[in-house]
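Predicted model, plus sequence, below.
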Amino acid sequence: MLRKKMMTLALCITLLASVLTACGGGNNDKGQAASNGEASPDSSNSTDNPYKDPMTISLGFWDADAEIANIEKDPIAKQVLEKFNITLKPVNMTWDDYTQKIQMWAASGQLPDIFAIDAVGTQYQRKWVEQGVVKALPDLSKYPNLAKYFESPDIKGLGVDGKYYTVPRRMFPSVDWSALDRMVFYRWDLAQKAGITKEPETWEEFEAMLDAIVKSDPEGKHITGLTTTTTKMLGGFFWLYGNPVATSDGSGSDFKWIKEDGKFIPAVFSKNALPALKNMKNMYEKGLIDPDIALVKPAESYDNFVAGKAAALLSGGGFINLNSDMYEKRWKTAYPDKDIMESVKALKPLIGPDGERSHAIFKTYWSESYFSNKVDDKKMDRIMALYDYVLSPEGKDLLTYGIEGVDYKIENGQKVVIEKGSLNEKYPASRFLKNLAAYETSDSYNMDNPTIANEGIRKEAVDYIDWIQNNTKVPEYDIRLTYMSTPTKDKFTVLDHDDLLKIMLSKEPVESYWNSIVNDYKAKGLDKMIEEVNAKAKEQGIE
Amino acid sequence: MADSVTARTPKRSLRTRAPKQSLGKTILQYKYFYLMVLPVLIWYALFSYAPMYGVTLAFKSFNYSKGILGSPWIGLENFQTLLTDPDFRRAFWNTVIISLMKLVTHFPMPIILAIVLYEFSRTKMKRFFQTILTFPHFISWVVLSGIIINILSKDGIYNQIIMLFGGDPNSPLVDESAFRPVLYITHVWREIGWDSIIYLAALAGINPELFEAAEVDGANRFRRLLNIAWPGLKSTVAVLLILQVGQLLTQGSSFEQIFNLYSSPVYSVADTIDTYIYRTSFTIGSDFGYMTAVGVVKSIISLILLWAANSFAKKMGEEGLY
C-alpha cells in the first residue's frame, strides 16, 4: 500500500516538474526573443498564441518571386514570419506591368491578399473603395504602432468616411524631405576641368556650368548637358524656377492647389508657370539639355552620366539610389581609384527668380499596400499584426540593423555597427519585409544607419538633408484640396511632365504652345473642375 | 451495301445532295467530316465568340464588385462622351491616317520585291536576299525599337550623316513631322520580306513554259511581267488586300510598333486608338466601359472598311471573301 502511495507521489512530482520545466522553457524563449529585439505578442503559452494556426498570405509586390525566395536565406526575415506563423505566397509583378496587372486582377476578382501600387487619387482607386474591391482596415487601436503611423497629416487625410483602406509606404517624416526624391547630380570633376571653380547656387550659375562642360567637352565624348532617368521627373526640377508647388510625382492625380486672384487653381496653371517654361525652353535651345531626353531609359541614363556623356542627371531616390544605382553598380568598377563624392556633387536647390531656394514637393509616402476584400477578418488581423510589428521600434531595428550583439551594439545610447560586411547580403529579405509596410528612407540619413553603405555618400546625404531643413521652406498649399473628390476632378489628370516635354521639343514659341495646352485642359473640363473645387472648399471652410 | 459505301464519298454526295434532305441527316451522313470541324468550332466559340459578351461593357459603367454582367446599364452615355473627347478624336484620325498610309506605302512593296526576287530565280542571290529581308520579321518590336532609337538618337548613324552634310542633329522620333515616315519606313523594313513569301509562292505556281514561250516570242522583261506574272498574281493580291484592309485599324496602326517608339512630344501625330486605350485605361484609369466603347467604334469602322475592300475586289473581277 505504502509502495503504491510512494509511486503515486513520485508520479505527481514528475508531472509537476515537467509542467514547471515546460513553463520555464517558455520563459527562456521569451527572454531570447526579447534579446533579439522582438516584440512579445506570442509571449503567452502556446494555447493562447493568437498565431497558432499557420496562415498563407498571397502578396503582389514588385519582383515578389525573387524577394520571397530570399526569405529562406535570411534568418531575420524567417524569424519574423515564423513569429506570426505566416507563409508568404508570391504573386509576381514588375515595374513595367504592375499597374496593368493589378487593374486586371481587380476587374477579374483575382487580387492577391496584399498588393502594392501607387494609386492614391486615381479614378480606379476611388472605385476600388466605393465598390468594395479593397478591404477597410480594422480599428487600429489594437495596433499601436500602426495607429501612430496614421497620425501624420497627409496619411490621416486618406480616410474615407472615417475608414482607411490603405497603408501608405511612408518615406519621410515631413514634406521638406521630398527634396531628396528629385535630385540633380552633376559631374564636378568635369566642371572643374571646364574651368568652373564655384559650385552653382543660382539657375544662371548652373546653366553657365553646363554650358562650360558641354562646350569644352573635357573628355571628348560629345557630352550633353542635363539628362534624366525618366521623363516623369522633369516637373520635379523645371517647376522649381518660381513655381515649386506645381511639382508632382508624375501620377497625374496629385496636383496641388494654390490661391491665385481670389480662387484656388492647380499650381501648374499659375501665372508663374510661363517663366518656368521659358527658362526650361531656353536651356534646351542653348543645348544644355540632352536632345534625346524624350527617349531616355533609366539604366542608359545612369551609364551615360557615369561614363561622362552627360554633365548632370535628374533622378529619384536621393542618395540611396546614388549609392546603389550609381556607385555600387557602376562607379566603383569604372573608377576604382576615384572618390565618387569628389567627382559627383548633389545640386542644392537653386535660388530662383523669387529669391527662394525651392525643392520638389510631394507626399510623405510613395505607393501603398491594399488588401483584397476577400481577406477575412482573421487574416486581416494577422496582416495588421505583421505591419504593426514591422513599424514598431523593435521591428524596425531588427530589420534595419540586424541582431543586437551580432550585427551592432549600443554604446552611449548610439548604435555601433559590428558587422563589417553588407547587411543586405547577409539578410537579403529584411529590407523587403521592411519595405512591405513602409520605406522610411529618411532613417537611412543617419551616420549610424548602414543602408547607404558608402560612408562618403552617407556623410554627404546627412549633410544635404540638414542643409535642406535649415535653408529651404515649403511654400503654402492645402493638401485637402489635392485629396478632394468632385465629379470632374475625379476624372481629371495633369500629366505635366508630358506637357513640359512637348514644349521643350516643339518648334512653336513657348507662350502660344502653353496656351494651346491650357486650352486642351479646358476642353477636358479644367474650368468646371476649378469651379467645383472652389465651391466645395467654401462649403468645407477651406480658405 | 455498295450503295451505302459510295454514298459516303464526297463526289457522290455532291451529286446526290437532295434539297429535301434535312440538315440532321446530312450531318449524320458526313459525321466524320463534321467531327473534324468540331475542334475548330469549339475554339472559335470559346475564344472568339464567348468573350464577345464583354462588348456589352460599352453600354455599361463598369463596377468592379459586380463584374461585366452585373454592372449597371447606362445606354449610349459612353458613346456620347466619346464624341466630345478631343483625345479620342485625335487618336481616331491618327489611326485612320497611319493605317491608310501604311497600306499605301507598304502593300505594293512585297509585290515588287517578290517580282524582283523572282527575276533572280536562277541565282543564289535570291535566297540570300530573301533571308536577309525576312529576318527582321522575327525580331520583336521591343528589340527593334531599341535598335531604331539607337540609330536615330543624337549619337546615332542618322545624325552623324546629317552632321556630315552640315545639318543640325535632330531625332525624327520626337519630331512631329518626321515621326510618321519613320513608322512607315520601319514597318516596310520589318515586314517586306515576310509578306513577299506568299507572292513568291503565287509566282512559283505560274507555269514557267509561259515565260519561256513569251521570251521566244520576243517579249522583254517588262512585257513578261505585265502579261504573265501580274495576271498570275492578281487574285492573290486581291485576297491579301481584303485581309489587310480588314485588319487595317489593328495591324495597320500596329500597337507594339508605336507604343515602343512614341513619346509625348509626338502624341499629336502618333497616338492611335490602341495606344490611347492602353494609356488611359492603365495609367490614368479611365472607365473600362468607356474604353470598350472606343474599341467597339474601332471594330465598326474595321467592318465597314472590310466590306468596302470586298466590294472593290469584286469590282476588280476577283472573287472576294464572301
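Alright, I've got the coordinates. Numbering: from 1, shown residues only, chains lettered A, B, ... in the order given.

Give me the contact list for stretch A:459-473.
With contact meaning C-beta atoms under 8 Å, 6 or more residues apart in numbering or on different chains, stretch A:459-473 is reached by A:176-177, A:179-180, A:318-320, A:322, A:341, A:346, A:348-349, A:356-359, A:442, A:444-447, A:452. For every residue, glycine as well, the C-beta is placed using N, CA and C.

what residues does the stretch 151-300 of chain B put near chain A?
Within reach of chain A by C-beta under 8 Å from any C-beta of the partner chain, the stretch 151-300 of chain B has these residues: B:153-155, B:169-171, B:173-175, B:263-265, B:267, B:281-288.

if we go to 6 Å?
Contact residues (C-beta under 6 Å from any C-beta of the partner chain) of the stretch 151-300 of chain B with chain A: B:153, B:154, B:174, B:263, B:264, B:265, B:282, B:284, B:285.

Centroid-nearest residue for chain A?
residue A:366 (4.2 Å; C-alpha atoms, centre = their mean).

For the helix or strand encompassing residue A:76, buried residues please.
Using DSSP states H and E, residue A:76 maps to helix A:75-83. Neighbour-count burial for helix A:75-83 flags A:75, A:76, A:77, A:80, A:81, A:83 (criterion: 16 or more other C-beta atoms under 10 Å in any protein chain shown).

The very next helix or strand once past that helix to helix A:75-83, inter-axis angle?
Heading C-terminal from helix A:75-83, the first helix or strand you meet, by DSSP H and E, is strand A:86-93. With axes from the mean of the first three to the mean of the last three C-alpha atoms, to 10 degrees applied, the angle from strand A:86-93 to helix A:75-83 works out at 110 degrees.

Which secondary structure elements does the following helix or strand past strand A:86-93 sit against?
Where DSSP H and E defines the elements, the next helix or strand beyond strand A:86-93 is helix A:98-107. The helices and strands touching helix A:98-107, judged by 3 or more C-beta pairs under 6 Å, 6 or more residues apart in numbering or on different chains; DSSP states H and E, number zero.

Neighbours of residue A:247, how many?
28 (other C-beta atoms under 10 Å in any protein chain shown).

can you map out the helices along the stretch 201-322 of chain B?
B:208-216, B:221-224, B:230-246, B:255-261, B:267-270, B:273-279, B:288-315 (DSSP state H, counting those that start in this stretch).

Buried residues, the longest one. List them.
Of the residues in helix B:288-315, B:288-298, B:301-302, B:305-306, B:309-310, B:313 count as buried by neighbour count, 16+ other C-beta under 10 Å.

Neighbours of residue A:483, how many?
16.

so which helix or strand takes in the residue of the stretch 1-150 of chain A found nearest chain B?
Nearest residue of the stretch 1-150 of chain A to chain B (C-beta to the nearest C-beta) works out as residue A:124 at 3.7 Å. Per DSSP H and E: residue A:124 is located in helix A:123-130.

Report the inter-axis angle for that helix versus helix B:288-315.
If you take the same axes, to 10 degrees, helix A:123-130 sits at 130 degrees to helix B:288-315.

Quick check: residue A:271 vs residue A:148, distance?
To residue A:148, residue A:271 is 41 Å away according to C-beta to C-beta, to the nearest Å.
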